[in-house]
Structures are given as C-alpha cells and as structure tokens.
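Colleague: return atomic coordinates for the entry below.
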Amino acid sequence: MTTSSPTLERLSVTLHPFILCPDPDFRAPVLQNLSHLCIFGSSDNCHKWLWRGLDALKHLTHLAFEIDTSTPLQAIYNLTPHFPPLLRVCLVIISVKKMPIPEYLAENKEIQQFVSGDTDRRIVVGTSETLETSGSIAAPGTSHLIQMTQREDILGDRTAWEEAEKIIRYRMRNSGWCRLTFVGAPVNLTRS
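Modeller: Numbering: from 1, shown residues only. Predicted coordinates:
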C-alpha cells in the first residue's frame, strides 16, 4: 500500500519578525501543486532570498508577497528570474514602515516602473494601506495601485486577484504582447 504525500493548492503564510526566516526552498513535495502562494511579513529578509525551486512550481499561477517601504527593491529583482512558466500574476503588496505610500511612490522611480508594468507585465503593485487623496484627485502614482480589502487573506480576496489580472490584460492589449500556451508551455510573442 502506498500513501501519497499531502499537497497544497493554495497557501498563505505570515512570517513574524521575531522568527528568523532563512532563504526558503520551494522544492518541497507538499508545495508542488500550488496554484496560489502568498507570503506576508517577509520584508526583513526577502531581499536576500534566492527563491530556490520557485521556478519548478509548475502549477503556480498567482504569487503575492509583501514588502514594506523600507525593503530594498532588490527583493523583486531577485524574484523575477525565478517566475514559474505559468505564472500570470505577481502581486507585490506594499505596506508602510518608514514613509507613506504616496510619498514612497513619488520619490522612487524603480517602484514606479513596477507599478506601470515596465519591469515585468506580470507584476502588479497593491496595498492595503489607505491611499490619501487631496480632494477628489488621487495622490500622484497611486492610480495604478490595487487597493486591497484583505491584507492577510489575499487568497480569499477575489477582487484583488481580478483587479490584478485586469491590469495585466490591459498592459498586454496596449503593448501588442500576447501569450499562447501549447501543452502547458507558454510562448511569448510580440508584434513586429
């Protein structure tokens, strides 16, 4: 009699600051069927992670992870080469630590490129922080941010995922970029 190992399809973890979080290894058998993965509280260490095995999660289509306004953006640059082939959305959730979101966006050209999709079209930036506005005009740089209703339970916040996918579809339509999938392998095409 053989018993199979349990596998997860959706996982949301919160890493607490008092727990030292080493570089995770995503090759564990229990993670191999993940379609949705959310990592919160990773701000202190994620810029050092190597994201080992993330690209081997062949079913992963939705990834969310949290950084705060003091996290080096190297965390995102380290992550993008390890995106699994079927990944459709990477939702980067920004929380406030040192400066308010509108100020952070206004002063940081790199994060503006992530918000606009210039770095990678699959990356969408969101926040559960209140976006302050002056009158009825949104603060600069916040119009392309996803306002999330549930920080800790992004798996249950269909609105955030749907909004992220809508932004990605808009980017693809307006850039002449399309994605076709043949037998599970994505093929990226651009218009000449």
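
Colleague: for the lengthiest helix in the chain, packing partners?
Modeller: Using DSSP state H to define each element, the chain has its longest helix at helix 158-175. Secondary structure elements in contact with helix 158-175, counted by 3 or more C-beta pairs under 8 Å, 6 or more residues apart in numbering; DSSP states H and E, are strand 89-95, strand 123-127, strand 146-147, strand 177-182. Every C-beta, even on glycine, is put in place using the N, C-alpha and C of the backbone.

Colleague: okay, and the beta partners of the residue lying closest to residue 94 once chain neighbours are set aside?
Modeller: Leaving aside its sequence neighbours, residue 94 sits nearest to residue 127 (C-beta to C-beta, 6 or more residues apart in numbering; 4.9 Å). Beta bridges link residue 127 to residue 147 when assigned by DSSP bridges.

Colleague: related to what we said a few turns ago, can you redo the helices and strands packed on helix 158-175 as TSV with distance to residue 65 and mean neighbour count?
Modeller: Shown next, in TSV, are those (distance: least, C-beta to C-beta, whole Å; neighbours: other C-beta atoms under 10 Å):
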stretch	distance to residue 65	mean neighbour count
strand 89-95	7	22
strand 123-127	11	24
strand 146-147	14	18
strand 177-182	22	11
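
Colleague: in contact with residue 54, which residues are there?
Modeller: Residues near residue 54 by C-beta atoms under 8 Å, 6 or more residues apart in numbering: 26, 60, 79, 82, 83, 84.

Colleague: what backbone torsions are found at it?
Modeller: phi -60, psi -40 (degrees, to the nearest 10).

Colleague: low-confidence ranges, this structure, go.
Modeller: 1-5, 17-21, 42-44, 131-143, 149-157, 176-192 (pLDDT under 70).

Colleague: helices of that one, start to end?
Modeller: 74-79, 101-107, 109-116, 158-175.

Colleague: got a markdown table for the ones you listed, with mean neighbour count too?
Modeller: Output for the helices of the chain, formatted as a markdown table (neighbours: other C-beta atoms under 10 Å):
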| stretch | mean neighbour count |
| --- | --- |
| helix 74-79 | 18 |
| helix 101-107 | 19 |
| helix 109-116 | 17 |
| helix 158-175 | 16 |
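
Colleague: distance to residue 91 added to the ones you listed, as CSV?
Modeller: Listed next are those as CSV, based on distance: least, C-beta to C-beta, whole Å:
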stretch, distance to residue 91
helix 74-79, 12
helix 101-107, 15
helix 109-116, 11
helix 158-175, 5
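
Colleague: return the set of buried residues in stretch 61-73.
Modeller: Buried residues in stretch 61-73, counted by 16 or more other C-beta atoms under 10 Å: 61, 62, 63, 64, 65, 66, 67, 68, 69, 71, 73.

Colleague: ok, of those, which one's closest to residue 102?
Modeller: Checking the buried residues of stretch 61-73 against residue 102 by C-beta to C-beta gives residue 69 as the nearest, at 10.8 Å.
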